[in-house]
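Chemist: Have a look at this fold, sequence not included:
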């Protein structure tokens, strides 16, 4: 059974600081997805990581994938308040349709 | 906006009543999904569909059924609602392409009293 675990689950940080969210998964996968969710809103796709060593960057967010370690990271550089949200990673079950298994989510709060 | 509409957006119902949630898409995508979101659990897959009349169970399918009689509509039915089914329900579609991410609707907040 595929398990996806994120840490930390809650993160409060100051503007301007750097931090990393970790996503570990329990079985082999060559793809991983990151999503963002604002309070009371839907989920928005951030990154699609398709292979070992993949790195994607969008503004102050950078995501990477290490399939051998079964680990993905979401790095936040010089955080700003607008990045406050809950971030989810998700891993597909390989066989069949793209059924995603989600991590618990990391609630990120960025304080001025 | 991926052209996904969920209805209703909010619903309060009593224990034991049947409830149907609707997901409508305008983009003719083959794959559609129903997830529920609960604090501490992330999103969990209830059922998904890979075509008209083709559906399969997810990890939390007990107490739920689905139907897809047209490409654009995917219905989720709670056969006899229970308080444990109080949740936010999200419908999603998979974009074109094997590696496409899921695109989510705006969700339905269901409260079972």
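Modeler: Sure thing, it's come through. Small disclaimer: the values here were computed from a predicted structure and weren't measured. Numbers count the residues shown, from 1 in each chain, chains lettered A, B, ... in the order given.
Chemist: CA only for contacts and neighbour counts going forward, please
Modeler: OK.
Chemist: Could you give the number of residues near residue 35?
Modeler: Unless you meant another one, I'm taking chain A. Residue A:35 is flanked by 20 other residues according to other CA atoms under 10 Å in any protein chain shown.
Chemist: Switch to chain B, please.
Modeler: Neighbour tally, residue B:35, other CA under 10 Å: 25.
Chemist: who's in contact with whichever residue of chain A sits closest to chain B?
Modeler: At 4.0 Å from chain B, residue A:104 is the closest residue in chain A, using CA to the nearest CA. The contact partners of residue A:104, by CA atoms under 8 Å, 6 or more residues apart in numbering or on different chains, come to A:4, A:5, A:6, A:9, A:88, B:40, B:41, B:42, B:43.
Chemist: Select from these every entry located in helices.
Modeler: Using DSSP state H, no member of the contacts of residue A:104 falls within helices.
Chemist: Same list, those, but as JSON lines with pLDDT, neighbour count and distance to residue A:109 please.
Modeler: Below are these laid out as JSON lines (pLDDT from 0 to 100; neighbours: other CA atoms under 10 Å in any protein chain shown; distance: CA to CA, whole Å):
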{"residue": "A:4", "pLDDT": "96", "neighbour count": "22", "distance to residue A:109": "22"}
{"residue": "A:5", "pLDDT": "97", "neighbour count": "20", "distance to residue A:109": "19"}
{"residue": "A:6", "pLDDT": "97", "neighbour count": "23", "distance to residue A:109": "16"}
{"residue": "A:9", "pLDDT": "96", "neighbour count": "17", "distance to residue A:109": "11"}
{"residue": "A:88", "pLDDT": "98", "neighbour count": "28", "distance to residue A:109": "14"}
{"residue": "B:40", "pLDDT": "83", "neighbour count": "11", "distance to residue A:109": "17"}
{"residue": "B:41", "pLDDT": "86", "neighbour count": "12", "distance to residue A:109": "19"}
{"residue": "B:42", "pLDDT": "89", "neighbour count": "21", "distance to residue A:109": "18"}
{"residue": "B:43", "pLDDT": "95", "neighbour count": "23", "distance to residue A:109": "20"}
